[in-house]
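S.K.: using only what follows, build the 3D model:
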Amino acid sequence: SHRYCFENTGNYGLLLASLLEERQLLYYQVPALEIKLSQGIQRGKNDKVDAWRIARYAKMHEQELIPSALSEEVLFTIKNFLTYRNFLIKVRTQFKNEKKAFYQVSKIADVIYEMEEIIQQIKALDDKIASVEEKIKQQ
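M.R.: Predicted structure coming up:
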């Protein structure tokens, strides 16, 4: 059976944890600092190197690693936040597409009002998405 080990990275870690739990897969969520300290001084930083370091850490510590788990309540709360976040992202994407369309129209017509409104909506949605992500991190 597969086991998954990843750094505790706030909302992305919670998203991954909730997906793994949904599929009833075993996973270990480890503080990034713990992995870093276990490896000594390291040069280079990219996703491939990080993945190798995490895999090495998991292999070296497999005996003492305790599987992670989110409580039912936390899982339910996160799922609801993620559903809402996805909705906000879809709406923001629609506004971004409208902005592109109005930009084309702006070449032949005065659509400054519409463009400003759309830009304000996108900014407001950016703020709402950030706020939801912050709530997820607080779980």
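S.K.: residue ranges of the helices in this structure, please?
M.R.: 11-22, 32-39, 47-60, 72-105, 112-137 (DSSP state H).
S.K.: against the centre of the protein, work out the most remote residue.
M.R.: Distance from the C-alpha centroid of the chain, by Cα atoms, centre = their mean, peaks at Ile108 (39.9 Å).
S.K.: please report the distance of it from Phe102.
M.R.: For Ile108, the distance to Phe102 equals 11 Å [Cβ to Cβ, to the nearest Å]. Placement of C-beta: from N, CA and C, glycine included.
S.K.: do the same with Arg85
M.R.: Distance from Arg85 to Phe102, counting by Cβ to Cβ: 26 Å.
S.K.: among those two, which residue is more densely surrounded?
M.R.: Neighbour count, other Cβ atoms under 10 Å: between Arg85 and Phe102, Arg85 has more, with 20 against 17.
S.K.: OK, contacts around the more buried one?
M.R.: The contact partners of Arg85, by Cβ atoms under 8 Å, 6 or more residues apart in numbering, come to Ile129, Val132, Glu133, Ile136.
S.K.: lowest-confidence helix or strand of the chain?
M.R.: The least trusted helix or strand in the chain, going by mean pLDDT, DSSP states H and E, turns out to be helix 32-39, with a mean of 72.
S.K.: domains for this structure, by residue range?
M.R.: 4-61, 73-138 (the TED database).
S.K.: mind checking which of those is nearest Pro67?
M.R.: Closest approach to Pro67 among the domains of the chain is made by domain 4-61 (5.3 Å; Cβ to Cβ).
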